[in-house]
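Novice: Fold the following.
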Amino acid sequence: MRRLKFLLRPGWLALAVVVVAFAFMCFYVLAPWQLGKNTSTSHRNDLIEQSVNADPVPISQVLNADGFAPDDEWRRVVAEGSYIPDKDVLVRLRVIRDQPAYEVVTPFQLQDGPVVLVNRGYVLPVQGTAPPAIEPAPTGPITLDARLRVSEGSSRQPIDEAGHLQVYNIAPGQIGEAVGLSPVDGYLQLDDGQPGGLGLIDLPQTDAGPYLSYGLQWLAFGIMAPLGLAYFVRAEWRERRKAKGQDIVGDTPPTPTEPDTIDRASEPVAAEPESTAVEPEFTLPTRKERRAAKKEKERSAERTANDVRLADRYGKNR
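Specialist: Numbers count the residues shown, from 1 in each chain. The predicted structure follows:
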């Protein structure tokens, strides 16, 4: 265990805490979040596909005291009754075909039944974000073909702006309190060509989306993080062991030689120290030096010729 004492240093402890926290988030938060979205999306797609092939049923067959069951969402129903006038509510911050829009929700009194909210469709804003003039819903008894939708849940409080009551979510409890009614939980979304209908809201696409792959990626990241930490710990441990082995080899003293076993004859003779004299550097004579040497040579030759003549004259060579 002494070899792993370096893991108790603050840097390694901080790294271990970060890795453990990241792995925990991957396994218990991020991956379940994406996999849960994949499950809910797949369930929604199944309900939409079933509703496309199913015939509409009277709303009384799927309506109970608590509203609609979640598994009945997107189911096609037939509702008889009448719109309640002057109770329109705008749902703001909606996007329809990549454009900002308002959705219009109007309460609908069922024949011999409770009140249910009806999403009549969407309208596009004018002059920036101002809502346009909204066509009122028809009066009198009518029959609607629609799809069941579950409540979106409430978020921020309703506001009164541009002469309309505006909300951020289709929450029957919040909207009913704002308009003074008690609608059931859930609402209806009109099909095409229905009385009081506005812009048609298309069904969502039934593709699975990338949620499954994202969830699997977070699981992979949660596994890779501890493995990466283990790799760096092993690499650090190997480097420390290698450095320790080199220190032990470098600190080993040389083996001493016994004095009696030294063979003096076998000792090498010390070489004579080389002369430290520096040889003069050879340089070419300058033009002046060459001229002087040439003149000196000519004078020497002239003196030699004079000496020969004098020797012949005075008989010194005899």
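
Novice: Just give me the longest strand of this protein.
Specialist: Determined from DSSP state E, the single longest strand within the chain is strand 99-110.

Novice: Next, the buried residues of that strand.
Specialist: Going by neighbour count (16 or more other Cβ atoms under 10 Å), the buried part of strand 99-110 is 101-110. All C-beta spots, glycine's among them, are computed from the backbone N, C-alpha and C.

Novice: So which elements touch that strand?
Specialist: When contacts are defined as 3 or more Cβ pairs under 8 Å, 6 or more residues apart in numbering; DSSP states H and E, strand 99-110 sits against strand 76-83, strand 89-96, strand 115-123, helix 172-179.

Novice: okay, the ones you listed, which one's buried deepest?
Specialist: When the helices and strands packed on strand 99-110 are scored by mean count of other Cβ atoms under 10 Å, the highest mean neighbour count falls to strand 115-123 (a mean of 23).

Novice: returning to what we had before: got the angle for the longest strand of the chain vs strand 89-96?
Specialist: On the basis of axes from the mean of the first three to the mean of the last three Cα atoms, to 10 degrees, strand 99-110 is oriented at 140 degrees to strand 89-96.

Novice: Take the buried residues of strand 99-110 and lay them out in CSV including pLDDT and distance to Thr39.
Specialist: What follows is those, written out as CSV (pLDDT from 0 to 100; distance: Cβ to Cβ, whole Å):
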residue, pLDDT, distance to Thr39
Ala101, 94, 29
Tyr102, 95, 32
Glu103, 95, 27
Val104, 96, 32
Val105, 96, 29
Thr106, 96, 33
Pro107, 96, 33
Phe108, 96, 32
Gln109, 95, 37
Leu110, 93, 33
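
Novice: What is the nearest of these to Arg120?
Specialist: If you rank the buried residues of strand 99-110 by distance to Arg120 using Cβ to Cβ, Val104 comes first, at 4.7 Å.

Novice: Correct me if wrong: the closest one contacts Lys87.
Specialist: No - counting by Cβ atoms under 8 Å, Val104 stays clear of Lys87, with 11.0 Å between them.
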